[in-house]
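1. my questions are about this predicted structure, shown below with the sequence.
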Amino acid sequence: MMKKIFNKSILLVVILNLMAIGCTEDFEEINTNPNQPDQLSNPGLLLPEIVRASMDDYYTGSWRRGNVVADYLANQFVSAFDWTPADASEYFLWGFYGHMRNVNTLYELAVAQGHENYQGIALVYKSFMFQNLTDVYGDIPYSQATQAKSNVNFPEYDRQEDIYTGILADLESANQLLRPENGSVTGDILYFGDVSKWRKFANSLRLRCLLRISGRKDTSSDIARIVNNPGEHPIFESNDDQAALQYLDELGNEFPRYRATNYASSTRASESMVERFKAMNDPRLFVFAQPTPATSGSTNPEYLGVPNGIANEDLYNGGQANQSPPGLLWASVSWDEELSSPTAAQSLLMTYSELQFILAESAEKGWISGDAAGYYNEGIASHFEYYASRIPDNYTFPTAADVIAPPSYYTQDAVSYTGTQQEKLNKIWYQKWVALFNSGYEGWSHWRRTGVPAIQAGPNSLGFVPVRHLYPLTEQNLNKANYDAAVARQGADNTQTRVWWDVD
């Protein structure tokens, strides 16, 4: 009996030892999450979260701050322009740095695994994010940004001029990397694996950047080199090519403010935008604004905006009943459960219309040989067509047909491509401003570069329209030496210090 017990004990010890050896040998494999970035076999698994999360930030900042400072919308709590460093991450895109870490991981994985198309996509998206960041702040961490893995915890700030040089170089690299023959792409919720469209985005974004800095550098030859060789440098050819994130009719994937409860509680269509549209018989009025609640549903609906920078919007013109809310395409479900759409609004990274106006300005200035009037008119027409395509079928007004301008729109003095060169440029710049509605901070950046349209600070504001945003307090507290060096070089950390390319 004792012998049987002894033998069973030995057998149990042997089994336990074998189990321990097996567990030890497989421990790392068993306890490794295959979905962690450093374990991914497909870099595309990172793409949906990169795009979706960053576009949530982009859309929120665009709607709640970008549209106000560019004078598309009015909000008394924003248009006083008493911005604070605390707004940087929530509204002014500093949170992009968190998403940039995933972009860097995407790029590193793509390089390690030889996926050139993923490398190109990562470079395009990185360039888009840094272009937005530097345009808001000026000098920012760039070359050392998101390098904590390399023990760079306190990144230096790069000059905006050098950042733009880096962005343009990365976009050229992306143009060379992005080829259909370089492998398929999955996880792409922006272009659904069509790398030819990513390549067009890369070159169109280069043209945006080159025009943006043209007041500081002669970029005309670089613009011409892209435009004159579409085979090597393809650009957007229609609205179908533009970089616009489509949302879905499912919980968590609707446009970011679809479930907001404060859609029109403090935000109205701006008076200056509404009056400009009315003066030009511009049917985009019916898209960008709704009739006043007092006249909604009547045979003669009125569109009345609110000036920016006034003390009490609720008292203006008799109150909210006589003030136009923003357009229904961007309305939350709490505003109108039947007509609000989770999918009608898109995040607009860069549009075909914007590109056409870039080409129109370049042609008007003699940098490229194309027809400036043709580009200009195409920019206007494609913008009407884009919004006509966004109108849901259940709208009774506006319908898609209501959004398309009649031929007489193009022949009126304020629109017709006639006059001196400066008058033509002003017309290009005005129409481009319209086309940049809710495109992040592009409308504001466009106004800073051109001064068109005229945007005036309201009587209850600080007395000026900001030309940059303040760095977040975390930079002052945690990266002070580099923050101080940037401020000493660029100028005071306030909203009146111009960024490098803003020469006027």
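-> Okay, I see it. Here the structure is a predicted model, which is why all the values come from computation and not from measurement.
2. okay, CA-based contacts and neighbour counts for the rest of this
-> Will do.
3. in this protein, which spans are strands?
-> 73-74, 140-141, 157-158, 243-245, 268-269, 347-350 (DSSP state E).
4. and the first one, what does it pack onto?
-> Other helices and strands packing on strand 73-74, by 3 or more Cα pairs under 8 Å, 6 or more residues apart in numbering; DSSP states H and E, are strand 268-269.
5. the strand it packs on: how far from the chain's middle?
-> Centroid displacement of strand 268-269 relative to its chain, using Cα atoms, centre = their mean, to the nearest Å, is 21 Å.
6. pairing partners for that strand, with directions?
-> strand 73-74 (antiparallel) (DSSP bridges).
7. which residues does the strand it pairs with contact?
-> The contact list for strand 73-74 (Cα atoms under 8 Å, 6 or more residues apart in numbering) reads 67-68, 267-271, 273, 306-309, 326.
8. for stretch 251-263, same thing?
-> For stretch 251-263, using Cα under 8 Å, 6+ apart, the contacting residues are 56, 59-60, 247-248, 330-335, 341-343, 345-347.
9. and Tyr430, what is it in contact with?
-> With Cα under 8 Å, 6+ apart, Tyr430 has these contacts: Val452, Pro453.
10. for Phe77, same thing?
-> So Phe77 contacts Ser266 (Cα under 8 Å, 6+ apart).
11. still on that earlier bit, and which of the contacts of strand 73-74 is nearest to Gly419?
-> Of all these, Met273 has the smallest distance to Gly419: 23.4 Å, by Cα to Cα.
12. on that earlier part again, buried subset of the contacts of stretch 251-263?
-> Buried subset of those (neighbour count, 16 or more other Cα atoms under 10 Å): 56, 59-60, 247, 330-333, 335, 341-343, 345-347.
13. these in helices, which ones?
-> Counting by DSSP state H, those place Asp56, Tyr59, Thr60 in helices.
14. can the residues you listed go into a markdown table with extra columns for pLDDT?
-> Converted to a markdown table, these look like this (pLDDT from 0 to 100):
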| residue | pLDDT |
| --- | --- |
| Asp56 | 97 |
| Tyr59 | 98 |
| Thr60 | 96 |
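15. in TSV: the residues you listed, plus distance to Ser220.
-> Shown next, in TSV, are these (distance: Cα to Cα, whole Å):
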residue	distance to Ser220
Asp56	35
Tyr59	32
Thr60	34
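16. out of the strands of the chain, which is the most enclosed?
-> strand 73-74 (a mean of 31; mean count of other Cα atoms under 10 Å).
17. how far does it sit from its chain's centre?
-> Between the centre of strand 73-74 and the centre of its chain there are 19 Å (Cα atoms, centre = their mean).
18. what's the closest of the strands of the chain to Asp314?
-> Of all the strands of the chain, the one in closest proximity to Asp314, counting by Cα to Cα, is strand 268-269 (10.5 Å).
19. contacts for that closest one, please.
-> By Cα under 8 Å, 6+ apart, strand 268-269 touches 72-75, 288-289, 304-306, 323-327.
20. now do 7 Å
-> Tyr72, Leu73, Ala74, Asn75, Ala289, Gly305, Val306, Gln323, Ser324, Pro325, Pro326 (Cα atoms under 7 Å, 6 or more residues apart in numbering).
21. residues touching the last one, list them.
-> When you say that, I think you mean Pro326. Per Cα under 7 Å, 6+ apart, neighbours of Pro326: Arg268, Ala269, Phe288, Ala289, Gln290.
22. before we move on, back to that, what is the nearest of the contacts of strand 268-269 to Ala224?
-> Tyr72 (32.3 Å).
23. quick check: the closest one vs Gln346, distance?
-> Distance of Tyr72 to Gln346, given as Cα to Cα, to the nearest Å: 17 Å.
24. out of the ones in helices among the buried ones among the contacts of stretch 251-263, which comes closest to Tyr417?
-> Tyr59 (32.8 Å).
25. check the spacing between Val78 and Asp135 real quick.
-> Going from Val78 to Asp135 by Cα to Cα gives 19 Å.
26. more neighbours: these two, which one.
-> Asp135 (24 against 18; other Cα atoms under 10 Å).
27. what distance do you get for the more buried one to Phe464?
-> 18 Å.
28. burial of Ser389, as a residue count?
-> Neighbours around Ser389, by other Cα under 10 Å: 15.
29. and what of Leu462?
-> 15.
30. what of Glu442?
-> Glu442 has 25 nearby residues by other Cα under 10 Å.
31. how about it, what does it touch?
-> When contacts are counted by Cα under 7 Å, 6+ apart, Glu442 touches Leu436.
32. pLDDT below threshold where in the chain?
-> By pLDDT under 70, the weakly predicted segments of the chain are 1-40.
33. wait, Tyr142 touches Arg159, no?
-> No: Tyr142 lies out of contact with Arg159 (Cα atoms under 7 Å); the separation is 8.9 Å.
34. and of the ones in helices among the buried ones among the contacts of stretch 251-263, the nearest to Ser184?
-> With Cα to Cα as the yardstick, the closest approach to Ser184 among these comes from Asp56, at 26.4 Å.
35. next up, the contacts around that closest one.
-> Pro256.
36. gap between stretch 189-207 and the chain center?
-> That offset, for stretch 189-207, works out to 14 Å (Cα atoms, centre = their mean).
37. which residues are contacting it?
-> By Cα under 7 Å, 6+ apart, stretch 189-207 touches 48, 121, 124, 168, 171, 174-175, 178-180, 184-186, 223, 233-236, 241, 243-245, 355.
38. switch the cut-off to 8 Å
-> Contacts for stretch 189-207 (Cα under 8 Å, 6+ apart): 47-48, 51, 117, 121, 124, 128, 168, 171-172, 174-175, 178-180, 184-187, 223, 226, 233-236, 241-246, 350, 355, 358.
39. if you look at the residues you listed, which of them are in helices?
-> 47-48, 51, 117, 121, 124, 128, 168, 171-172, 174-175, 223, 226, 355, 358.
40. now for those residues, which pair is the farthest apart?
-> It's Pro48 and Ile223 that sit farthest apart of these, by Cα to Cα, at 31.8 Å.
41. among those two, which residue is more densely surrounded?
-> A count of neighbours by other Cα under 10 Å puts Ile223 above the other of Pro48 and Ile223, at 22 against 14.
42. was I right about the more buried one contacting Arg208?
-> No: counting by Cα atoms under 8 Å, Ile223 stays clear of Arg208, with 9.5 Å between them.
43. can you count the residues close to the closest residue in space to Tyr376 that isn't next to it in sequence?
-> With Cα to Cα, 6 or more residues apart in numbering as the criterion, Tyr376 has its nearest non-adjacent residue at 5.3 Å, and that residue is Ala360. Using other Cα under 10 Å, Ala360 has 27 other residues around it.
44. contacting residues around Ala360?
-> Contacts of Ala360 by Cα under 8 Å, 6+ apart are Asp371, Ala372, Ala373, Gly374, Tyr375, Tyr376, Ile428.
45. hmm, back to that, quick one: which of the ones in helices among the contacts of stretch 189-207 is nearest Ala401?
-> Leu355 (24.3 Å).
46. run a quick neighbour tally on the closest one.
-> 24.
47. how much space between it and Leu436?
-> In terms of Cα to Cα, Leu355 sits 11 Å off from Leu436.
48. same question, Phe464
-> Relative to Leu436, Phe464 is positioned 22 Å away (Cα to Cα).
49. who has more neighbours, these two?
-> More crowded of Phe464 and Leu436, by other Cα under 10 Å: Leu436, with 24 against 15.
50. for the nearest residue to that one once chain neighbours are set aside, what are its contacts?
-> Leaving aside its sequence neighbours, Leu436 sits nearest to Gly443 (Cα to Cα, 6+ apart; 5.2 Å). By Cα under 8 Å, 6+ apart, the contact list for Gly443 reads Gly66, Asn67, Ala70, Trp433, Leu436, Phe437.
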